[in-house]
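Trainee: need a structure here:
(chains A, B, C and D)
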2 protein chains.
Amino acid sequence: MRRPTIADIARRAGVSKGAVSYALNNRPGVSPHTRERILAIAEEIGWRPNSAARALSGAAANAIGLALHRPAKILGIEPFFMELVSGMEGVLSAAGSALMLQVVGDADTELALYRRWWGERRIDGAILTDLRTDDPRVGLLTELALPAVIVGGPTGVGSLPHVWSDEAAAVTETVSYLAALGHRRIGRVAGLPELLHTHHRDAAFATAGATLGVDTSMVIWTDYTGDEGAHATRTMLSNPARPTAILYDNDIMAVAGLSVAHEMGLAVPTDLSIVAWDDSPLCQVVRPPLTALTRDIPAYGARSAALLLEVIGGEPGAGVEVPHPRLTPRGTTAPPP
Amino acid sequence: MRRPTIADIARRAGVSKGAVSYALNNRPGVSPHTRERILAIAEEIGWRPNSAARALSGAAANAIGLALHRPAKILGIEPFFMELVSGMEGVLSAAGSALMLQVVGDADTELALYRRWWGERRIDGAILTDLRTDDPRVGLLTELALPAVIVGGPTGVGSLPHVWSDEAAAVTETVSYLAALGHRRIGRVAGLPELLHTHHRDAAFATAGATLGVDTSMVIWTDYTGDEGAHATRTMLSNPARPTAILYDNDIMAVAGLSVAHEMGLAVPTDLSIVAWDDSPLCQVVRPPLTALTRDIPAYGARSAALLLEVIGGEPGAGVEVPHPRLTPRGTTAPPP
DNA sequence: CGAAGGTACTTAACCGGAAAAGTACCTCTC
DNA sequence: GAGAGGTACTTTTCCGGTTAAGTACCTTCG
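Mentor: The predicted structure is shown next:
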């Protein structure tokens, strides 16, 4: 089955290719009557614009790029990315834009990928996640003048637009709550130390501890897997000066930590309080249900995609703040023994 | 920054566009010396082929399409799709192909999307998941002559190549194991009833029950969410003739079921055995760790992507069977009380 | 020595749209 | 009734590659 082109429409309608192009793009230069006839024929023969031809004439690629630099095993279980993607999808598909997704193994591959996508004019813009310190992607995308939005910030974003939430406030809120319950030693099982948002949380955690007179010195960094979360929990709970509450950087690790507590004979929340960062359905499915820092991740993705579309559309694009995660107390937080 | 084109290279090298094209595509017609010089210049100025221009000249789009017709809330927590995607990615990125991902809300949108991708020449092929009875996608893709691979089968696939595993064998293996432990009434919390693989599992479940003299009549269909899994479990366990073992169609629901058992005062596995379909890290993170049907989902995705690339390359493409899920006994299966 | 054949190119057409520039005809206005 | 201005087109060029067809030069061989 051959794909119909505007030449086919022009032949049928007895007009020129140019007239068809004007009619199909809703631009002046054709009479309403002719326009209608052309649209009817296009509809009838099932014409679709060839994206390659459009792109060649300088039009948009109608796709945006997302490179995920995380090990595949984490992507499979971290609900964050899928929720982010599904939120982005809602906005993008409404705008007729597709999402180019590629998992990359290392930072250099990711840089090369952006160069390629840009050179090949495959995407109109990119979304960056997992910002790192001195992230070379910021410089590259700025240099290429490829529209980009960072999911994260507000530091380290250069002059790129970004969508961020005040994670420090969420950390402070959580530590204050635990301190109010009476906890005096709070541990933290953190994510990848090279990620900027881990630094933000680290700093806020230390500051909140100092401010409230709570020991927040016990921090272990992990790769977000349940395995490392379990291991970190075991390490903390084996310490004679073990924490009475632990804040986890994702819910997978919090669930793993919950299991370790059981395994070590500690009752949750009587002996140990647990707070998860990110509140996927997983949190409500385990017993006791996890106290969690809730944020609307699909909305976060949607806002990022919308901002990127604005930037692609030529608007300046600034930093956008979305509500910070709120503590949702459930069954894993209580006063310490 | 302007993207360099072959015209730029030609100007620098003092040759024609045609010569540059031959050199860059490793085709005869240029001397080794000139070819080398052209390649060096291309490298130096960072030239990348404009995919739109290539596609316009009939070349491949170097992208394959995946439309996911599932509610966003499920995609966020179902590890299956992310694992499948990450497996596909490995093969695709090695072949220089990108993945176009779009979440669709209903079947008609999905059909329209394939038409659009095809008409716009955006993709070289598509991967279909979640095959349904009399699935209209099979007919459409066949009609459009768009290379496609179905993840699923072996029935209902028409003449399309497909990658499948013998799910019936996995069901039989599980029911036999539970029967051998002494269970005489086994429930099943199934997935979406309109999916073909749900039918396959349903049929195998009924047959295995009949063969082994086990009551397998209690089946409840759900949408794969933890909520519905919990609800189905509550319904089953409230029945005076409650099952002593339950097989779940995904691990999210199995975890939810585990919680419901606790909540209803039933010990697992003493009072109730639980088996999860699909073995994400989640299964090993809960207490007790879940007995699960393990399959290598990334490998499944990789095989599908590889098959699609073969079909795009012009090979005939047949049905490919991958190993069926194997039972991994852990802490949630034991003889009945 | 001249025709045949090969090499290493160049030229030009083509893919399918977008859009600038050109044209024919009609209407309005002074 | 002539010039200005607008409408509804057509013609042409362009985007950046690929590729068929053409050409200039060199080698080889009867």
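Trainee: where in the stretch 1-150 of chain A is pLDDT low?
Mentor: A:1, A:72-73, A:76 (pLDDT under 70).
Trainee: only the C-alpha atoms, please, for stretch A:246-258, written as CSV.
Mentor: Listed in CSV are the C-alpha atoms of stretch A:246-258, where the atom choice follows Å, rounded to 0.1, in the frame of the first residue of the first chain:
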residue,chain,number,x,y,z
ILE,A,246,15.1,6.0,59.2
LEU,A,247,14.2,8.1,56.2
TYR,A,248,14.6,6.3,52.8
ASP,A,249,15.2,8.0,49.5
ASN,A,250,12.7,5.8,47.7
ASP,A,251,9.9,3.4,48.6
ILE,A,252,11.6,0.3,47.3
MET,A,253,14.3,0.7,49.9
ALA,A,254,11.8,1.6,52.6
VAL,A,255,10.0,-1.7,51.9
ALA,A,256,13.3,-3.5,52.0
GLY,A,257,14.1,-1.8,55.3
LEU,A,258,10.8,-2.8,56.7
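Trainee: anything in it near chain B?
Mentor: Yes - Stretch A:246-258 lies within reach of chain B by CB under 8 Å from any CB of the partner chain, at A:Ile252, A:Val255, A:Ala256, A:Leu258. The C-beta positions use only the backbone N, C-alpha and C, and glycine is treated the same way.
Trainee: dump the residue contacts of the last one.
Mentor: A:Leu258 makes contact with A:Val268, A:Ile274, A:Val286, A:Leu290, A:Thr332, B:Arg287, according to CB atoms under 8 Å, 6 or more residues apart in numbering or on different chains.
Trainee: swap in the second one?
Mentor: Contact criterion CB under 8 Å, 6+ apart gives A:Gly226, A:Ala276, A:Leu282, A:Cys283, A:Val286, A:Leu290, B:Leu282, B:Val285, B:Val286 as the residues in contact with A:Val255.
Trainee: turn these into JSON lines, columns for secondary structure and neighbour count.
Mentor: As requested, these are arranged in JSON lines below (DSSP: H, G, I helix; E, B strand; the rest coil; neighbours: other CB atoms under 10 Å in any protein chain shown):
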{"residue": "A:Gly226", "secondary structure": "helix", "neighbour count": "25"}
{"residue": "A:Ala276", "secondary structure": "strand", "neighbour count": "29"}
{"residue": "A:Leu282", "secondary structure": "helix", "neighbour count": "27"}
{"residue": "A:Cys283", "secondary structure": "helix", "neighbour count": "23"}
{"residue": "A:Val286", "secondary structure": "coil", "neighbour count": "28"}
{"residue": "A:Leu290", "secondary structure": "coil", "neighbour count": "28"}
{"residue": "B:Leu282", "secondary structure": "helix", "neighbour count": "28"}
{"residue": "B:Val285", "secondary structure": "helix", "neighbour count": "27"}
{"residue": "B:Val286", "secondary structure": "coil", "neighbour count": "28"}
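Trainee: by pLDDT, give me the weakest of the residues you listed.
Mentor: pLDDT across these is lowest for B:Val285, at 77.
Trainee: quick check: A:Val104 touching A:Ala67?
Mentor: Yes - using CB atoms under 8 Å, A:Val104 makes contact with A:Ala67 at a distance of 5.2 Å.
Trainee: what sits in contact with each of those two?
Mentor: With CB under 8 Å, 6+ apart as the test, A:Val104 and A:Ala67 both reach A:Glu110, A:Leu113.
Trainee: more neighbours: which of those two?
Mentor: The residue with more neighbours, out of A:Val104 and A:Ala67, is A:Ala67; 22 against 18, by other CB atoms under 10 Å in any protein chain shown.
Trainee: any idea how far that one is from DNA strand D?
Mentor: From A:Ala67 over to DNA strand D the distance is 22 Å, taken as CB to the nearest atom of the strand, to the nearest Å.
Trainee: the helix or strand hosting that residue packs against which elements?
Mentor: Element membership for A:Ala67, per DSSP states H and E: strand A:63-68. In terms of contacts (3 or more CB pairs under 8 Å, 6 or more residues apart in numbering or on different chains; DSSP states H and E), strand A:63-68 is packed against helix A:79-94, strand A:98-103, helix A:107-119, strand A:125-128, helix A:297-312.
Trainee: please repeat the previous calculation with a cut-off of 6 Å.
Mentor: In this structure, strand A:63-68 packs against strand A:98-103, helix A:107-119, strand A:125-128, with contacts taken as 3 or more CB pairs under 6 Å, 6 or more residues apart in numbering or on different chains; DSSP states H and E.
Trainee: got the buried residues for the longest one?
Mentor: Buried residues in helix A:107-119, counting neighbours by 16 or more other CB atoms under 10 Å in any protein chain shown, are found at A:Glu110, A:Leu111, A:Leu113, A:Tyr114, A:Arg115, A:Arg116, A:Trp117, A:Trp118, A:Gly119.
Trainee: now these in a markdown table, with distance to B:Pro28?
Mentor: As requested, the buried residues of helix A:107-119 are exported to a markdown table (distance: CB to CB, whole Å):
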| residue | distance to B:Pro28 |
| --- | --- |
| A:Glu110 | 36 |
| A:Leu111 | 34 |
| A:Leu113 | 32 |
| A:Tyr114 | 34 |
| A:Arg115 | 30 |
| A:Arg116 | 27 |
| A:Trp117 | 31 |
| A:Trp118 | 31 |
| A:Gly119 | 26 |
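Trainee: A:Asn50: which of these is nearest?
Mentor: Within those, the smallest distance to A:Asn50 is 19.6 Å, found for A:Trp117 (CB to CB).
Trainee: do a quick rundown of the strands in chain A.
Mentor: Assigned by DSSP state E, chain A shows strands spanning A:63-68, A:98-103, A:125-128, A:148-151, A:162-165, A:186-190, A:219-221, A:245-248, A:273-277, A:291-294, A:319-322, A:326-328.
Trainee: now those strands as CSV including distance to A:Leu308?
Mentor: Shown next, in CSV, are those (distance: least, CB to CB, whole Å):
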stretch, distance to A:Leu308
strand A:63-68, 6
strand A:98-103, 11
strand A:125-128, 5
strand A:148-151, 4
strand A:162-165, 9
strand A:186-190, 29
strand A:219-221, 30
strand A:245-248, 30
strand A:273-277, 25
strand A:291-294, 25
strand A:319-322, 11
strand A:326-328, 26
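Trainee: show me which residues of stretch A:311-319 are buried.
Mentor: By 16+ other CB under 10 Å, the buried positions in stretch A:311-319 come out as A:Val311, A:Ile312, A:Gly317.
Trainee: wait, does it contact DNA strand C?
Mentor: No - Stretch A:311-319 does not reach DNA strand C (CB under 7 Å from any atom of the strand); its nearest approach is 13.7 Å.
Trainee: ends of that stretch, what's the gap?
Mentor: Chord length of stretch A:311-319, first to last residue, is 12 Å (CA to CA, to the nearest Å).
Trainee: run through who's touching that stretch.
Mentor: Under the criterion CB atoms under 6 Å, 6 or more residues apart in numbering or on different chains, residues A:Asp124, A:Gly125, A:Pro147, A:Pro154, A:Pro161, A:His162, A:Glu310 lie in contact with stretch A:311-319.
Trainee: for stretch A:55-69, same thing?
Mentor: Against stretch A:55-69 from outside (CB under 6 Å, 6+ apart): A:96-98, A:100-104, A:110, A:113, A:117, A:121-127, B:52-53, B:56.
Trainee: who are the contact partners of A:Ala306?
Mentor: By CB under 6 Å, 6+ apart, A:Ala306 lies in contact with A:Val91.
Trainee: so what's the residue count around whichever residue of the stretch 151-300 of chain A sits closest to DNA strand D?
Mentor: Per CB to the nearest atom of the strand, A:Leu160 is where the stretch 151-300 of chain A lies closest to DNA strand D, at 24.9 Å. By other CB under 10 Å, 22 other residues sit near A:Leu160.
Trainee: how close does it get to A:Thr235?
Mentor: 38 Å (CB to CB, to the nearest Å).
Trainee: kindly report the residues of chain A close to DNA strand C.
Mentor: A:3-7, A:17-18, A:21-22, A:24-25, A:27, A:29, A:47-50, A:53-54, A:56-59.
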